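>>> Below: sequence and its predicted model.
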Amino acid sequence: MKKLLLTLVLFATGNLCLGAEAGVGIVPKPLSATVGEGEFHVTPQSGIAVGREAGLRRSAELFAQWVAPTLGGELKCGDKGAISLGIDSLLDAEAYTLDVATTGITLRGGSAQGVFYGLQSLRQLIVAGRGAVAAVSIVDKPCFGYRGGMLDSGRHFWTVDEVKEFIDILAMHKMNRFHWHLTEDQGWRIEIKCYPELTRVGSVRKETLVGHLSTSSEYDRTPCGGYYTQREIRDIVDYAAERYITVIPEIELPGHAVAALASYPWLGCRGEGYEVRTTWGISSDVYCPGKETTFEFLQNVLAEVIGLFPSKYIHIGGDECPKESWKACPLCQQRIREEGLKDESELQSYTVRRIETWLREHGREIIGWDEILEGGVSKTATVMSWRGSEGGIAAAKAGNHVIMTPNTHCYLDYFQTKDPVHEPLGIGGFLPMREVYRLDPYEKLNDTEQDYILGVQANLWTEYIATATHLKHMLLPRLAAVAEVGWAYDRKDFADFTRRMSTLRKCYDAAGLNYATYFFDGKEE
Ligand code: ACM
Ligand code: ZN
């Protein structure tokens, strides 16, 4: 995975192996592309030969839809066709080879997932050439196994169709994890049958701050809410699986829990007086780990969560948990004494460890934000580094698995231009494409430590994002830079990436996706 040298030397006789300067217009960058002579023109009559694998047929049908607007009709999937799909078990599961000859196109994947990624590459070639695809031989595989995107459904609720579009966008970028932030101070979004108040009360806030937290005290006096039924969640999990994306739910604890406390006040230290938050920032009201009933609640919630999400990982949050209420709570103080804990930080790790133990007993593993390192963390927890890369570096050096999602490179809610007067309202910061692309998940790590880095993720928090158009304006094209680090870390090159992005832009246009144009117009600085 961390091999920095391209292992393939592909100067085939008479052909040109494309290096960093030239190359086919695919994002993320393929491992190698060898241009041949001539081209193949794909038309709706070309047909796709899919073989017997059900997964291949499904992917081929999706592919036919992606390229239909460009081709002016849908490719048929069947036993015969000029585009041939198949499995080559000698390849890695996510790898593929794509050969375009004047007579037809042959795509082989290490698994159906690899074929799916090959189809995403072919989609880009077809859209760019309006059906005419230059002869080429591509060998491709990803650098990292975890390539994710996070969507915050807590601050603003996104409809099932909007979530599916987010998943489609991840798939277009060959990403394979959808981290779904489902519970927040400002809204609880997942139906839990055991606790109906979570969605009856916790999914709605009575109003929302207008403007930025730092300057505004005005509210819109409009209730804002929404939640996903369990049936909708199953539908989304299946939809993602058909696109080779695992959905990782995040159920936040012990902080970011005010919507749960408003629903069941006994979950908090004070036991009363909570309201679903209407403003942003960090709340000092958090779950009370002094009470056994809090753990009973969390375990019952997680029991339903693991019934809905097959993911090995469950994200338990762990970030931004102020300790004031624990300091003032007799039950939390009693817990600290009885468990021999040093302080409230250790009470937080006690809480995380108890939940982790329960999840492990039920066959799952946890991911937590890098605060879970404070007060000690078990070796089996995976750390998501967000306050820069430092937490992730420390975790990898300590032997914990890590997902790199530092706010210095991966927070797509940050502004995209230096002087953001022409941008829609944002949280702050300045994160142009170049800076996203600079993400180095192996920063300051030796070979052994690098093995603990599972991959990278883009995060989209939505305090200041309330519409799907704005959401995509933040997501695209910067997601492409995170995707390229995740897929093509060993071969990344910003100048070459910039050139290839003009092809991906055509795919955004063909798919009718909104995106920001600052990067394309040279207006980020
Ligand atoms: C975070 O951004 N609070 C994980
Ligand atoms: Zn307490």
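Cool, got the structure. Numbers count the residues shown, from 1 in each chain. Ligands and ions are numbered 1, 2, ... in the order given.
>>> would you list every one of the strands in the stretch 251-400 of the chain?
All strands of the stretch 251-400 of the chain, identified by DSSP state E, counting those that start in this stretch, fall at 313-317, 365-369, 382-385.
>>> Mind checking the pLDDT average for the first one?
Right, strand 313-317. With pLDDT averaged residue by residue, strand 313-317 scores 98.
>>> ok, now the last one?
For strand 382-385, the mean pLDDT works out to 98.
>>> Same question for stretch 335-355.
Across stretch 335-355, the average pLDDT comes to 97.
>>> And stretch 83-97, by the same measure?
Averaging pLDDT along stretch 83-97 gives 98.
>>> before we move on, what about stretch 236-248?
The average pLDDT within stretch 236-248 is 99.
>>> so how far is that stretch off the chain centroid?
Distance of stretch 236-248 from its chain centroid, counting by C-alpha atoms, centre = their mean, to the nearest Å, is 12 Å.
>>> Tell me how many other residues crowd the nearest residue to Trp188 once chain neighbours are set aside.
What sits nearest to Trp188 in space, not counting adjacent residues and going by C-beta to C-beta, 6 or more residues apart in numbering, is Gly202, at 3.5 Å. Every C-beta, even on glycine, is put in place using the N, C-alpha and C of the backbone. Using other C-beta atoms under 10 Å, Gly202 is surrounded by 30 other residues.
>>> Check the gap between Gly202 and Pro196 for me.
As defined by C-beta to C-beta, to the nearest Å, Gly202 lies at a distance of 10 Å from Pro196.
>>> one step back: name the helix or strand for the residue nearest to Trp188, please.
Following DSSP states H and E, there is no helix or strand that holds Gly202.
>>> can you tell me which residues contact it?
Taking C-beta atoms under 8 Å, 6 or more residues apart in numbering, we find Gly202 in contact with Gly187, Trp188, Ala259, Ala260, Ala262, Ser263, Val276.
>>> quick one: buried residues of stretch 42-49?
Buried residues in stretch 42-49, defined by neighbour count with 16 or more other C-beta atoms under 10 Å: Val42, Ser46, Gly47, Ile48, Ala49.
>>> and the closest residue to ligand 1 within the stretch 151-300 of the chain, what pLDDT?
Across the stretch 151-300 of the chain, the shortest distance to ligand 1 (C-beta to the nearest ligand atom) belongs to His256, at 7.9 Å. At His256, the model reports a pLDDT of 98.
>>> same deal with the one 3 residues further on?
The predicted local confidence for Ala259 comes out at a pLDDT of 98.
>>> Hmm, it is touching Ile192, no?
No. Look at Ala259 against Ile192 with C-beta atoms under 8 Å: they stay out of range, at 11.9 Å.
>>> where does the residue nearest the centre of the chain fall, helix, sheet strand or coil?
The centroid of the chain falls nearest to Gly149 when counting by C-alpha atoms, centre = their mean (1.3 Å). Each residue gets one of three states, and Gly149 gets strand by DSSP: H, G, I helix; E, B strand; the rest coil.
>>> For ligand 2, see how far away the residue nearest to Trp188 is.
From Gly202 across to ligand 2, the span is 19 Å (C-beta to the ion, to the nearest Å).
>>> and the stretch 351-500 of the chain, which residues reach ligand 1?
Contact residues (C-beta under 6 Å from any ligand atom) of the stretch 351-500 of the chain with ligand 1: Trp369, Trp386.
>>> residue in the stretch 351-500 of the chain nearest to ligand 2?
Per C-beta to the ion, Thr351 is where the stretch 351-500 of the chain lies closest to ligand 2, at 10.6 Å.
>>> Run a quick neighbour tally on that residue.
Residues near Thr351, counting by other C-beta under 10 Å, number 26.
>>> ok, it - contacts?
Contacts for Thr351 (C-beta under 8 Å, 6+ apart) come out as Leu253, Pro254, Tyr287, Pro289.
>>> What is the nearest of the residues you listed to ligand 2?
The closest of the contacts of Thr351, once distances to ligand 2 are taken by C-beta to the ion, is Pro289, at 6.6 Å.
>>> How much space separates the residue lying closest to the closest one once chain neighbours are set aside from Lys206?
Counting by C-beta to C-beta, 6+ apart, the nearest residue to Pro289 once its immediate chain neighbours are dropped is Thr351, at 4.3 Å. Here Thr351 is placed at a distance of 29 Å from Lys206 (C-beta to C-beta).
>>> interface residues of the chain facing ligand 1?
Near ligand 1, when you scan the chain using C-beta under 6 Å from any ligand atom, you find Asp319, Glu320, Trp369, Trp386.
>>> at 8 Å what do you get?
Within reach of ligand 1 by C-beta under 8 Å from any ligand atom, the chain has these residues: His256, Gly317, Asp319, Glu320, Trp369, Met384, Trp386, Arg387, Asn407, Tyr411, Asn459, Trp461.
>>> Which of those residues fall in helices?
Judged by DSSP state H, these include Asn407 as members of helices.
>>> buried residues in stretch 153-168?
Using 16+ other C-beta under 10 Å as the test for burial, stretch 153-168 gives 153-158, 162-168.
>>> same check, this time on stretch 320-333
In stretch 320-333, counting by 16+ other C-beta under 10 Å, buried: Glu320, Cys321, Lys323, Ser325, Trp326, Cys329, Leu331, Cys332.
>>> Counting neighbours, what do you get for Arg52?
Counted with other C-beta under 10 Å, the neighbours of Arg52 add up to 9.
>>> In contact with it, which residues are there?
By C-beta under 8 Å, 6+ apart, the contact list for Arg52 is empty.
>>> Could you do the one 10 residues further on as well?
With contact taken as C-beta under 8 Å, 6+ apart, Leu62 is in contact with Leu119, Glu242, Arg243.
>>> Highest neighbour count among these?
Compared across these, Leu119 has the highest neighbour count, 26 neighbours, by other C-beta under 10 Å.
>>> element containing the closest residue to it other than its chain neighbours, please.
With sequence-adjacent residues excluded and distances taken as C-beta to C-beta, 6+ apart, Leu119 is closest to Phe63, at 4.3 Å. Taking DSSP H and E as the definition, Phe63 sits inside helix 54-71.
>>> which element follows that helix toward the C-terminus?
Next in sequence after helix 54-71, counting helices and strands by DSSP H and E, comes strand 77-78.
>>> packing partners for that next one?
Here strand 77-78 touches strand 48-49, helix 54-71, going by 3 or more C-beta pairs under 8 Å, 6 or more residues apart in numbering; DSSP states H and E.
>>> how about these, which one is nearest ligand 2?
When the helices and strands packed on strand 77-78 are compared by C-beta to the ion, helix 54-71 sits nearest ligand 2, at 48.8 Å.
>>> Compute the mean per-residue pLDDT across that closest one, please.
Across helix 54-71, pLDDT averages out at 97.
>>> For that helix, buried residues please.
In helix 54-71, counting by 16+ other C-beta under 10 Å, buried: 55-64, 66-67, 70-71.
>>> Likewise for stretch 27-40?
Neighbour counts using 16+ other C-beta under 10 Å place Val27, Pro28, Lys29, Pro30, Leu31, Ser32, Ala33, Thr34, Val35, Gly36, Glu39, Phe40 of stretch 27-40 among the buried residues.
>>> now, among these, which is nearest to ligand 2?
Distance to ligand 2 across the buried residues of stretch 27-40 (C-beta to the ion) is lowest for Pro28, with 46.6 Å.
>>> Can you get me a residue count around the nearest residue to that closest one once chain neighbours are set aside?
Leaving aside its chain neighbours, Pro28 sits nearest to Trp487 (3.6 Å; criterion: C-beta to C-beta, 6+ apart). Using other C-beta under 10 Å, Trp487 has 29 other residues around it.
>>> Does Trp487 touch Ser121 like I think?
No. Using C-beta under 8 Å, Trp487 makes no contact with Ser121, being 10.7 Å away.
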